[in-house]
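Novice: One predicted model, sequence on top.
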Amino acid sequence: MTETLTRFFLIEEALRAGRPRPDSTGTRFAAAALLPSSRTATQCNEATRSRYEALTSGLSGGGWFSSSAPSGNLRWVYAAILAANDIPAERFLDARGQLREQAKREAGPRLHAGGARAALVLSISGELSSYTMRRFFELKRALNPPWWRRNDAVTDTFAAGHAARDDAPESVKRARDAAIAVFAGNKHARSHKREGARLSALLDRDPHEVLACFDTLETARRTSAYLKHRSDRSLTMEWAVQGMTREDLAAIKDIMQALPRHMTSAGHAKARLAYLVHTTGGADLPLGSVNALSAVLAAQAAMIAAITASTTAATSAAVTSGS
């Protein structure tokens with residue numbers, strides 16, 4: 001892991017050296033996304049910057065937020081994910097454009113952020129066909145929850161993941177319902193049953209195995225003086241679906257302690273970053289055979305959750321200090 005951390009810090013330093021650049025949180029998550037790349041730190045920086053510039057140019061035409069998404073730190077992270085997967089920015093922009101055009105002809109819920117989330121997943125999975133695009137909207141309608149639980153960002157991400165695998169909406173819903181029933185019976189897991197069910201269905205995980213793993217990891221997390229207040233049960237559920245072990249938790253704790261002390265606590269950013277360094281850095285995890293798309297989804301979700309939370313926290317602090 002020392003070698004992985006060294007590479008992480010080298011990539012972070014390379015990204016920080018240029019202008020423009022993301023803030024410290026964005027830089028670290030972009031660096032984590034680039035760990036699987038075979039490029040040197042300097043080459044990772046160059047590949048990310050070229051994609052960032054292409055995204056900025058391609059997204060500059062819209063006046064509304066949804067028309068220019070992703071923006072800010074997320075644009076850097078998208079650029080890094082594309083660079084790590086050797087995907088040109090043009091493929092993402094083309095997928096996004098196709099989704100936006102198709103959305104005009106589709107009934108149902110709107111695209112989140114102009115289709116950015118879905119476009120990232122679908123562009124990494126390969127060239128976007130008309131069949132895959134229709135499948136995405138079919139899944140999006142079928143998986144859209146009631147309005148009081150609706151989150152278009154989450155629905156788009158998972159609908160795109162299942163569409164890329166050509167999963168039928170009925171089979172996805174059955175898998176989710178079965179997992180929810182299992183998790184609902186556990187007093188610690190029930191509050192995160194839907195998050196666990198979504199991931200379990202996408203990764204083809206047996207919910208009974210996930211629950212057993214969750215119990216083991218949650219016990220280890222709660223008895224760790226360091227991890228207990230720097231993570232939560234939602235992360236335990238994510239890690240359980242990924243098939244992680246007590247040893248993985250110990251490795252995550254070691255990485256967290258090696259990261260800079262002054263890091264935002266919003267969204268458990270340090271724990272999420274350490275998880276990404278551990279998993280994308282080449283760790284031999286139990287689910288090492290999980291396809292690259294699922295790994296990208298997990299990384300994307302972790303990065304976006306942390307960056308969105310840190311941005312929200314910073315905005316709230318600014319409003320509070322100015323009131």
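Specialist: Now that the structure is in, tell me what you want to look at.

Novice: so how far is Gly185 from Leu82?
Specialist: 41 Å (Cβ to Cβ, to the nearest Å). For every residue, glycine as well, the C-beta is placed using N, CA and C.

Novice: Comparing the two, which residue is more hemmed in?
Specialist: Leu82 (26 against 11; other Cβ atoms under 10 Å).

Novice: The more buried one contacts Pro88, doesn't it?
Specialist: Yes. Checked against Cβ atoms under 8 Å, the pair Leu82 and Pro88 is within contact range at 7.3 Å.

Novice: Now for these two: what residues contact both?
Specialist: Common neighbours of Leu82 and Pro88, using Cβ atoms under 8 Å, 6 or more residues apart in numbering, are Arg51.

Novice: Which parts of the stretch 1-150 of the chain are helices?
Specialist: Assigned by DSSP state H, counting those that start in this stretch, the helices in the stretch 1-150 of the chain fall at 2-17, 24-34, 41-58, 65-68, 72-84, 89-103, 116-125, 130-143.

Novice: Would you mind putting these into TSV with mean pLDDT alongside?
Specialist: Conversion of the helices of the stretch 1-150 of the chain to TSV gives the following (pLDDT from 0 to 100):
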stretch	mean pLDDT
helix 2-17	95
helix 24-34	92
helix 41-58	97
helix 65-68	63
helix 72-84	92
helix 89-103	95
helix 116-125	91
helix 130-143	96
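
Novice: how about those helices in TSV, adding distance to Arg149?
Specialist: As requested, these are exported to TSV (distance: least, Cβ to Cβ, whole Å):
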stretch	distance to Arg149
helix 2-17	36
helix 24-34	27
helix 41-58	31
helix 65-68	21
helix 72-84	23
helix 89-103	22
helix 116-125	17
helix 130-143	11
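
Novice: Which one, of these, ends up nearest to Glu218?
Specialist: In terms of Cβ to Cβ, the element of the helices of the stretch 1-150 of the chain nearest to Glu218 is helix 24-34, at 24.2 Å.

Novice: What are the phi and psi values at Asn85?
Specialist: phi -100, psi 10 (degrees, to the nearest 10).

Novice: where in the stretch 201-323 of the chain is pLDDT low?
Specialist: Applying pLDDT under 70 to the stretch 201-323 of the chain picks out residues 264-267, 281-323.

Novice: Please enumerate the helices of it.
Specialist: 207-222, 233-241, 246-258, 269-280, 292-322.

Novice: Can you tell me which helices and strands the second one packs against?
Specialist: In this structure, helix 233-241 packs against helix 193-203, helix 207-222, helix 269-280, helix 292-322, with contacts taken as 3 or more Cβ pairs under 8 Å, 6 or more residues apart in numbering; DSSP states H and E.
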